[in-house]
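>>> the following block contains a protein sequence and its predicted model.
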Amino acid sequence: PRSTLFPYTTLFRSGFMVEEQGRLLLADCSPGVPVTGEETPVALKTVRQVHSLPAELASRAYPVSFDAVVTYADEQTRNLFLQDETDGIYANMWSVSTRLPKSGERVHVTGFSGPGDIAPVIARPLLQPLGPGIMPPPFAGDMERLLAGEPESRWVEARGIVRAVATVGNHAALLVGWGIHRFRVQVSGVASLPDSWIGSPIRLQGVCGALFNSKRQLLGIQIFVPSRDFLFLDSEKNPGVPALQSIGTLLQISPQPAGERLSRFRGTVSLSHLTGPTWVGDSKGGVLIQNHVAVSLRPGDSVEVTGFPEPGAFSPIVRDASIRPIGRDGTLPPRLTPTEIIQEGYDSELVQVDAFVVNSVGNSAQDTAILRSGDSVFEARMDGGAIPPLNSGALVRLTGISSIDVDDAHDLLAPKGFSLLLRSPGDI
């Protein structure tokens, strides 16, 4: 049904009309569509009228004219967002050489509609200062709606746990977690923030921006914060340095939800990449560290890990970690049978297995081999390389990182098989 409150777009074979409260705002129709003298094209007068245009229509550069508040402006990136009483929108300032107004200023905006990369924008904007303004009230929806991107380009308030602190292009940046969700925060006007914020609850206000692909599909959100004044840290709930624990106790029942508990443990590196993934094990288990601050490590390095554990397919994984080398460990991995690996739940751990080659591996760039040990058949895969030639029926001893395959048809996740990740040809 036709709305009487918001702009209504009528599509024709060769044009369209935009109406609001029964009044024609803009018409672009073929001569066969009757348009009276009162129905001449006029500038779009609100942000919502521009932001709600289909991309094809927004690309026709229709004139815009309205008053709005600058909610975010950054000279270095030339990013600028505006919001009036109806909606928020991005203004493309790359074609404008003048100095940007400050966040919080009220301006009169003239320009043209543009399709943008994911939603319509203001193209070729001219901003006339009108004096100090007032930031709009934050988006009234909950965090789930915010994380789904509903308030794209609007002023929002978000909360979560600080999971990482960084500097990106002379701007302070945060990675914030909310439950299992994570979103980026860019803070204008400040180059860095304290590492001690990691693990602390935070509330923040800023503009909701989109992460998207070339197909105009939303993949996530990021929040642009105009200054440090809009960051509110709950320092009283800062956990400080968490107590050391074993890998086997990660994600055991706790009052704190998964994804919000900062954990610290020590172990020995089995395999590592500069920023992850990295596998670490101790006497109680092994864990995959999905991503971490850049650090060069070797198998056998003893390390201390601080990060956020989350549920994996069978065992916890750790995200957004920092890893500190503390020495070397010469302990050899246990030699196990497939039955022991499956029944005792050796997941993300360095193990040794004796097995017969099932399929011949030739000189091609083959990175997978099929092996048999007793009644068990399993797969071995080389990390970032090819497996050396192996003859079918050959008996080999493999050293690799085990990964449990899970039958998830029941409440209790039951192991049903495993595979090995080999680090180099020397593991065969």
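Looks like it arrived, so ask away.

>>> and the strands in the stretch 201-350 of the chain?
Along the stretch 201-350 of the chain, counting by DSSP state E, counting those that start in this stretch, strands occupy 201-212, 218-225, 231-233, 244-245, 263-271, 278-282, 285-289, 301-310, 317-328, 350-357.

>>> I'd like those as CSV, with mean pLDDT, mean neighbour count and distance to Phe81 appended.
In short, each C-beta sits where N, CA and C put it, glycine included. Supplementary listing: those in CSV, determined by pLDDT from 0 to 100; neighbours: other C-beta atoms under 10 Å; distance: least, C-beta to C-beta, whole Å:
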stretch, mean pLDDT, mean neighbour count, distance to Phe81
strand 201-212, 96, 20, 4
strand 218-225, 95, 19, 7
strand 231-233, 95, 17, 18
strand 244-245, 94, 13, 43
strand 263-271, 96, 22, 37
strand 278-282, 96, 24, 38
strand 285-289, 96, 24, 36
strand 301-310, 95, 21, 30
strand 317-328, 95, 18, 27
strand 350-357, 96, 20, 49
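
>>> dump those strands to CSV, plus distance to Leu147.
Shown next, in CSV, are the strands of the stretch 201-350 of the chain (distance: least, C-beta to C-beta, whole Å):
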stretch, distance to Leu147
strand 201-212, 9
strand 218-225, 6
strand 231-233, 19
strand 244-245, 30
strand 263-271, 24
strand 278-282, 28
strand 285-289, 24
strand 301-310, 16
strand 317-328, 17
strand 350-357, 37
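
>>> nearest to Val47, of the ones you listed?
strand 201-212 (12.8 Å; C-beta to C-beta).

>>> for that closest one, which strands pair with it and how are they oriented?
strand 155-168 (antiparallel), strand 218-225 (antiparallel), strand 231-233 (antiparallel) (DSSP bridges).

>>> least trustworthy helix or strand in this structure by mean pLDDT?
None of the helices or strands of the chain scores lower by mean pLDDT, DSSP states H and E than strand 8-12, at a mean of 42.

>>> got the contact list for Ile161?
176-178, 199-202, 259-260, 308 (C-beta atoms under 8 Å, 6 or more residues apart in numbering).

>>> just put those in JSON lines and tack on distance to Gly327.
As requested, the contacts of Ile161 are exported to JSON lines (distance: C-beta to C-beta, whole Å):
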{"residue": "Val176", "distance to Gly327": "33"}
{"residue": "Gly177", "distance to Gly327": "31"}
{"residue": "Trp178", "distance to Gly327": "36"}
{"residue": "Gly199", "distance to Gly327": "25"}
{"residue": "Ser200", "distance to Gly327": "30"}
{"residue": "Pro201", "distance to Gly327": "34"}
{"residue": "Ile202", "distance to Gly327": "35"}
{"residue": "Gly259", "distance to Gly327": "30"}
{"residue": "Glu260", "distance to Gly327": "31"}
{"residue": "Phe308", "distance to Gly327": "25"}
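
>>> who's the closest residue to Asp195 other than its chain neighbours bridged to?
Take Asp195 and drop its neighbours on the chain: the residue closest to it by C-beta to C-beta, 6 or more residues apart in numbering is Val165, 5.5 Å away. On the basis of DSSP bridges, Val165 is bridged to Leu174.

>>> count the neighbours of Val165 for me.
Each residue near Val165 was counted by other C-beta atoms under 10 Å, and the total is 16.

>>> now for it: which residues touch it?
Counting by C-beta under 8 Å, 6+ apart, Val165 has contacts 172-174, 192-195, 197-198.

>>> I figured Gly307 hits Leu288, correct?
No. The criterion here is C-beta atoms under 8 Å, and Gly307 misses it with Leu288 at 11.1 Å.
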